[in-house]
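Chemist: Based on what follows, work out the 3D shape:
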Amino acid sequence: MVGQGNHGGPSCRRVIARAVVAARTSSTSFRAAPLRSWTASNTGGAALFSRWKALRAPCDGLDGSEAGIRAHGAVSRTNMATRLMETEIMGEKMKEREQPFAQKSYLDVGGHRMAYIDEGDGPAILFQHGNPTSSYLWRNIMPHLQGLGRLIAPDLMGMGDSDKLPAEEGRHRYSFTEQRRYFNGLLDALEVGNDVILVLHDMGSMLGFDWAKRNADRVRGIAYMESVVSPLLITDFPEEARQSLLDVFSTLEGQEASLQTLDFLEGFLLGTREFSETEQAYYRKPFLIAGEDRRPMISSDLPVNGVPGDTAAIVADYAQWMANNDIPKLMVKADPGFLLTGRLHDFARTWRNQTEVTVEGTHFIQETCPDAIGIALADFVRSLRPGRAQTTAAGGR
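Modeler: From the prediction side, this is the model:
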């Protein structure tokens, strides 16, 4: 085990939340320029950059926040009637953006039911969430890619509307290797084809990068944000959060204490911005019952300081492969970010055939800049050559 100290569950999560809030509030505002960086080597980058410059800042109230409505109402209203009418329209837009992208389907995988969204036709575009979220995270991004492919968004086991695994299977039943087994089984059952585009976040990136390495000749492109690009060091995280992360994720006492609270979800995810009651309900739903129903939130096997060793080895393996393959990539960098910062960002920037865009936010940027991300993803997908053979990528398998 790594990490020692006080394992009081609630305080651990609050320290993490404070670190995220501190990072968020210390960021530099750039509403007039939502796109801040672009790799010089990107083919066609100048044209895409011009398109982004022409957009109004996508993080400026388009998430439907009350502050956004007030700002929107102050810009161009000439009378109260117009202001009230447009505020009402914005309110309806808010309600739309609270709802899931589409109804879920279900498949039996390994004897348990997995939930997923599967809409449209064409090459599979797979959106994989991380911890402690679900396919709901992508609800305002997926509309931007309608008509560009078959949009698939799974719920990992124990999250969203996928089944909880029986407690008698032990406390490691939501480990990375177990989640990978269900994830791979679902993709096999869905017959995602040989032209897959991956869109990855958080620990879901571990599953996606690993799958891509094992199926390199089936991958058309990879987009990622706030992802696990290399084995982590505790110093990669904000200083205020380090001991709490060690306590919660690396000690049995911290893990068990965390099963009794929702501090991680409340502070880390729902602390990202002001969420409506509807949005909060969707995120809380899988974890309302204290105890084992909350274990998926603390069982991601995030490799920190070399622990757990098997997961750290898997991440190190795919990290080297990602640095050397020629599969087209899109990095969506969060500024100031939480996970993909510092040395990890520097390492990821060395990956070949990659475009980089930057949006404002910490970790859950899908909730703060969904339109900016959606536009970048759609442009990335359009830039990919259909049926592109990944001959150079296959060498890293």
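Chemist: ok, so what distance separates residue 326 from residue 205?
Modeler: To residue 205, residue 326 is 19 Å away according to Cβ to Cβ, to the nearest Å. Quick note: C-beta positions are derived from backbone N, CA and C, even for glycine.
Chemist: Please read the previous query as pertaining to residue 234.
Modeler: Taking Cβ to Cβ as the measure, residue 234 and residue 205 are separated by 19 Å.
Chemist: These two: which is more packed in?
Modeler: Under the neighbour definition other Cβ atoms under 10 Å, residue 234 and residue 205 were set side by side, and residue 205 has more, 26 against 16.
Chemist: Please settle this for me: is that one part of a helix?
Modeler: Yes - residue assignment for residue 205, taken from DSSP: H, G, I helix; E, B strand; the rest coil, places it within a helix.
Chemist: Mind pulling the model confidence for the nearest residue to it once chain neighbours are set aside?
Modeler: Spatially, and ignoring its direct neighbours in sequence, residue 205 is nearest to residue 227 (3.4 Å; Cβ to Cβ, 6 or more residues apart in numbering). The pLDDT attached to residue 227 in the predicted structure is 98.
Chemist: my read: residue 227 touches residue 201, true?
Modeler: Yes - distance between residue 227 and residue 201: 6.4 Å, which falls inside the contact criterion (Cβ atoms under 8 Å).
Chemist: show me where the stretch 201-350 of the chain has strands.
Modeler: Listed from the start of the chain, the stretch 201-350 of the chain has strands (DSSP state E, counting those that start in this stretch) covering 219-227, 329-336.
Chemist: Just say which of those strands is most tucked in.
Modeler: Mean neighbour counts were compared across the strands of the stretch 201-350 of the chain using mean count of other Cβ atoms under 10 Å; the top stretch is strand 219-227, at a mean of 26.
Chemist: Can you give the strand pairings for that strand, parallel or anti for each?
Modeler: Based on DSSP bridges, the pairing partners of strand 219-227 within the sheet are strand 196-202 (parallel), strand 329-336 (parallel).
Chemist: Just put the ones you listed in TSV and tack on distance to residue 349 and mean pLDDT.
Modeler: Supplementary listing: these in TSV, determined by distance: least, Cβ to Cβ, whole Å; pLDDT from 0 to 100:
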stretch	distance to residue 349	mean pLDDT
strand 196-202	17	98
strand 329-336	7	98
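Chemist: so which of those strands gets nearest residue 116?
Modeler: Ranking the strands paired with strand 219-227 by distance to residue 116, with Cβ to Cβ as the measure, places strand 196-202 first at 14.0 Å.
Chemist: Count residues in the vicinity of residue 274, would you?
Modeler: By the measure other Cβ under 10 Å, the count of residues near residue 274 is 13.
Chemist: For it, what are phi and psi?
Modeler: Backbone dihedrals for residue 274, given as degrees, to the nearest 10, come out at phi -80, psi 120.
Chemist: ok, it to residue 372 distance?
Modeler: Here residue 274 is placed at a distance of 19 Å from residue 372 (Cβ to Cβ).
Chemist: now do residue 202
Modeler: Taken as Cβ to Cβ, the span from residue 202 to residue 372 is 18 Å.
Chemist: ditto for residue 258
Modeler: In terms of Cβ to Cβ, residue 258 sits 32 Å off from residue 372.
Chemist: neighbour count winner among the two?
Modeler: Neighbours of residue 258 and residue 372, each counted by other Cβ under 10 Å, are more numerous for residue 372; the result is 26 against 23.
Chemist: Now do the SS call for the more buried one.
Modeler: Of the three states, residue 372 takes helix according to three-state DSSP.
Chemist: That one and residue 359 touch, don't they?
Modeler: Yes - Residue 372 lies in contact with residue 359 (Cβ under 8 Å); the separation is 4.7 Å.
Chemist: so what's the residue nearest the centre of the chain up against?
Modeler: Most central in the chain under Cα atoms, centre = their mean is residue 201, positioned 2.8 Å from the mean C-alpha point. When the contact criterion is Cβ atoms under 8 Å, 6 or more residues apart in numbering, the partners of residue 201 are 128, 129, 130, 133, 137, 224, 225, 226, 227, 366.
Chemist: Please repeat the previous calculation with a cut-off of 6 Å.
Modeler: With contacts defined as Cβ atoms under 6 Å, 6 or more residues apart in numbering, the neighbours of residue 201 are 130, 225, 226.
Chemist: and if you look at residue 176?
Modeler: Applying Cβ under 6 Å, 6+ apart as the definition, the contact partners of residue 176 turn out to be 301, 311.
Chemist: Give me the pLDDT for it.
Modeler: Each residue has a pLDDT score; the one for residue 176 is 96.
Chemist: Please tell me how far it sits from residue 312.
Modeler: With distances taken as Cβ to Cβ, residue 176 is found 10 Å from residue 312.
Chemist: residue ranges with poor pLDDT in this structure?
Modeler: Applying pLDDT under 70 to the chain flags residues 1-91, 249-250, 387-397.
Chemist: All the helices of it, residue numbers only.
Modeler: Counting by DSSP state H, the chain has these helices, from start to end: 9-25, 45-53, 66-76, 80-98, 176-190, 204-214, 242-250, 252-258, 263, 277-284, 309-324, 342-348, 370-383, 391-394.
Chemist: And the nearest residue to residue 290 once chain neighbours are set aside, how close does it get to residue 302?
Modeler: By the measure of Cβ to Cβ, 6+ apart, the closest residue to residue 290 outside its immediate chain neighbours is residue 260, 5.2 Å from it. Here residue 260 is placed at a distance of 21 Å from residue 302 (Cβ to Cβ).
Chemist: The two: which has the busier surroundings?
Modeler: Here residue 260 and residue 302 are set side by side on neighbour count (other Cβ under 10 Å), and the busier one is residue 302, at 24 against 12.
Chemist: what about that one, distance to residue 165?
Modeler: Relative to residue 165, and taking Cβ to Cβ, residue 302 is found at 19 Å.
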